[in-house]
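> This is a predicted model, with the sequence first.
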Amino acid sequence: MGLFKNFKITEVKAYEVIDSRGFPTVACDVTIANKFKGNAMVPSGASTGEKEAIELRDGDKTRYNGKGVLKAIENVNTIIAPAIIGKDGRNQSEIDNLMIQLDGTENKAKLGANAILSVSLAVAKATALALGKPLYRYVKEDIVKDMSNEYVMPVPMLNVINGGAHADNTIDFQEFMFMPVGANSLKEACRIASECFHALQSILKSKKLDTNKGDEGGFAPALKDADQALSLMMEAIKKAGYKAGVNADVAIAMDPATSELYDSKTKKYSFQKAIDAKILKKDKGTFSTEEMIKYWEALVKKYPIISIEDGLAETDWEGFAELTKRIGSNVQIVGDDLYCTNPNLTQKGIELKATNSVLIKVNQIGSLTETIETVMKAKNNGWTAVMSHRSGETEDTTIADLAVALSTGQIKTGSMSRSERIAKYNRLIAIENELGNKAIYKGIKTFYNLGK
């Protein structure tokens, strides 16, 4: 039987599905040669950056409280589909660029980033099937042209305490995460993370603190402040039988999402949730940029924090550069809202030395091609990259494959609860089993180039 040679797209069909928060999102089936069907479902964010590509919603209050995506689906089925049917699915960048041209706006506002991304990812998945390759291998070999025989498994950033826009509690910072940097494999990293997660649950229960969960599966207790959250995490790591530390078993990562706390008029950061709970006095809950930087300097000295994402507001480029200058040789300073997975904004950050890492969210930019470009730009300039989910997720596991395909070395995909998060971990475990000794788990070595 000869090599399959027909890679023409024969059908494109989008439709509504439900995400992990019970809201609709776009799904798309792309079929190649009437035989190979790739399916993709688009995630959705809660705390979104100002520079993100536009997620097109209907605004019809009689359906899903205005959050319907029928317009985006219509754009796929009536505008995008006719334009790409007959195209060779292997020409990913050509197809993505055609959709971007059809949209014609800077932020994909006409067709919707959710419409474009659903097709972009489904094309890649259908093509991988037609080639008889798993998605991670197809992207690595055929799109990125990386023919090395090594596959880097990502270190999980396990979100165990939720706050900010992700939970109705008294914590202003959005995410507190375990990173099993001392593990020897992805499978072992998941085990360590699970054991620490359940140890934390046990401790919260023993202290009569809430074990209800936020959007990404982490616990959402009413705590005094970040310091209390971090102390509980340290206690959990020890209870699970591990050593906390950057060069030990488990390190800590944070995503405070401080853009949510920033007042652009006063240029101050205000810890509103804690103030509302009458835990902080108002004057103690307001920080300048310099005070925030000093806050982070003190916190990383006290706790084994290896990564801080969005430690300052998305407009504070100078502040980010100063933060990176002061602690970036030992701590990963990740830009999320600062860059929104945009290669041009990432280039600006590189030139300004604003951070030393970029967060990668496929729906922030809206196409696979641009996502890959952003990762490659970061890596080629000595930065790290973190593949990430969104708070509104589906059981789609594309980001697990992309983390391996692009050797990001890190993945942020939620906690050890909620099946839409676990699906990504299980996909990574399956990939690692499939790869055998070709799979490499770098652990703390992922961060060895920080500050260099």
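That came through fine.

> any low-confidence regions in the protein?
1-4, 46-49, 164-170, 272-284, 451-452 (pLDDT under 70).

> So for it, which residue is the most central one in space?
By Cα atoms, centre = their mean, the mean C-alpha position of the chain lies nearest to Ser388, the distance being 1.5 Å.

> wait, isn't that one in contact with Leu359?
Yes - checked against Cβ atoms under 8 Å, the pair Ser388 and Leu359 is within contact range at 5.2 Å. C-beta: built from backbone N, CA, C; applies to glycine.

> Now do the shared contacts for these two.
Shared contacts of Ser388 and Leu359, defined by Cβ atoms under 8 Å, 6 or more residues apart in numbering, are found at 336, 412.

> Could I get the full set of strands for the stretch 201-350 of the chain?
For the stretch 201-350 of the chain, the strands defined by DSSP state E, counting those that start in this stretch occupy 251-255, 262-263, 268-270, 286-287, 305-309, 332-335.

> Would you mind pulling up the elements that the second one packs against?
With contacts defined as 3 or more Cβ pairs under 8 Å, 6 or more residues apart in numbering; DSSP states H and E, the packing partners of strand 262-263 are strand 268-270.

> Which elements pack onto the strand it packs on?
Strand 268-270 packs on strand 262-263, strand 286-287, helix 289-302, going by 3+ Cβ pairs under 8 Å, 6+ apart.

> Looking at the ones you listed, which one is packed in the most?
Among these, strand 286-287 has the highest mean neighbour count (mean count of other Cβ atoms under 10 Å), at a mean of 18.

> Parallel or antiparallel, list what pairs with that one.
strand 268-270 (antiparallel) (DSSP bridges).

> contacts for the strand it pairs with?
Outside strand 268-270, the residues that reach it (Cβ under 8 Å, 6+ apart) are 258, 261-263, 285-289, 291-292, 313.

> mind running it again at 6 Å?
The contact list for strand 268-270, computed with Cβ atoms under 6 Å, 6 or more residues apart in numbering, reads 258, 261-262, 285-287, 292.

> ok, now stretch 303-312?
For stretch 303-312, the surrounding residues in contact (Cβ under 6 Å, 6+ apart) are 230, 244-246, 251-255, 257-258, 296, 319-320, 323, 331-334, 336-337.

> first to last residue in it, what's the distance?
One end of stretch 303-312 sits 19 Å from the other (Cα to Cα, to the nearest Å).

> cool, stretch 162-182 as well?
Stretch 162-182 stretches 24 Å from its first residue to its last (Cα to Cα).

> Please apply the same query to stretch 211-226.
17 Å.

> which of the residues in it are buried?
For stretch 211-226, a neighbour-count test (16 or more other Cβ atoms under 10 Å) marks 213-223, 225-226 as buried.

> I'm done for today, thanks for sticking with me.
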